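Chemist: Mind folding the following:
(one chain, ligands or ions: 1)
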Amino acid sequence: MPADSRTAAASFGADAVSLDEQYIRNAIDLAREAGKRNEVPVGAVVVRDRSIITGATNRTVRDQDPTAHAELLAIREASSKLDRWRLDDCTLYVTLEPCAMCAGAIVLSRIKRVVFGAWDEKAGMAGSVGDLLRHPRLNHSPEVRAGVLATDCAALLEEFFKSQRVGPAVLSLPAEKGSGLK
Ligand SMILES: [Zn+2]
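Modeler: Residues are numbered from 1 along each chain as shown. The predicted structure follows:
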């Protein structure tokens, strides 16, 4: 008999929170794979009825396409699979706060809920630079949950940019000045 009591969790609230973490972990796995292919490690999954419809990563290098962001690709693929543009029964999970383009696509697709990991203080449009997702004059505002496993999501990006010897172009993480060992 399985000893895991979580499988039969009756409390939807607590269950939803752990599910959010689970799907962000799925997105992190995708992001990590993308990083190995020299793409900025961002991953996204679209979930409907507690199952993953599709997952995608940044593919800007592979496709040589500046619009090939994880969220945009995941939204396109989800619509294609469901054969409808309206994704109002879906949740988008992404490791990094969506940019203006992806936030726009989220609004257009009527996605019900967005859960993201790390904040993107340079380009994020879900509260950092601006908030397109909850703009009062737009006709759709998804529910937003921010900062789920944010440290893990941000660490992935930080490691990537370090290995690329490019500065932290996306994240504003603490600068490493001095060793702090003295
Ligand atoms: Zn984007």
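Chemist: Let me see the backbone angles for the most centrally placed residue in the chain.
Modeler: Centroid-nearest residue in the chain, with C-alpha atoms, centre = their mean: Val94, separated by 1.1 Å. For Val94, the backbone dihedrals (degrees, to the nearest 10) come out as phi -140, psi 150.
Chemist: quick one, what contacts it?
Modeler: In this structure, Val94 makes contact with 27, 42-44, 70-71, 74, 102, 114-117, judged by C-beta atoms under 8 Å, 6 or more residues apart in numbering. C-beta coordinates here come from the backbone N, C-alpha and C atoms, glycine included.
Chemist: I'd like those residues laid out as a markdown table, including secondary structure, pLDDT and distance to the ion.
Modeler: Listed next are these as a markdown table, based on DSSP: H, G, I helix; E, B strand; the rest coil; pLDDT from 0 to 100; distance: C-beta to the ion, whole Å:
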| residue | secondary structure | pLDDT | distance to the ion |
| --- | --- | --- | --- |
| Ala27 | helix | 98 | 14 |
| Val42 | coil | 98 | 8 |
| Gly43 | strand | 98 | 12 |
| Ala44 | strand | 98 | 9 |
| Ala70 | helix | 98 | 7 |
| Glu71 | helix | 98 | 6 |
| Ala74 | helix | 98 | 11 |
| Cys102 | helix | 98 | 3 |
| Val114 | strand | 98 | 12 |
| Val115 | strand | 98 | 15 |
| Phe116 | strand | 98 | 11 |
| Gly117 | strand | 98 | 14 |
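Chemist: still on that earlier bit, now the residue nearest to the centre of the chain, nearest residue through space, not along the chain?
Modeler: Excluding the flanking residues, the one nearest Val94 by C-beta to C-beta, 6 or more residues apart in numbering is Ala44, at 4.1 Å.
Chemist: measure that neighbour to Pro98 for me?
Modeler: Per C-beta to C-beta, to the nearest Å, Ala44 is found 9 Å from Pro98.
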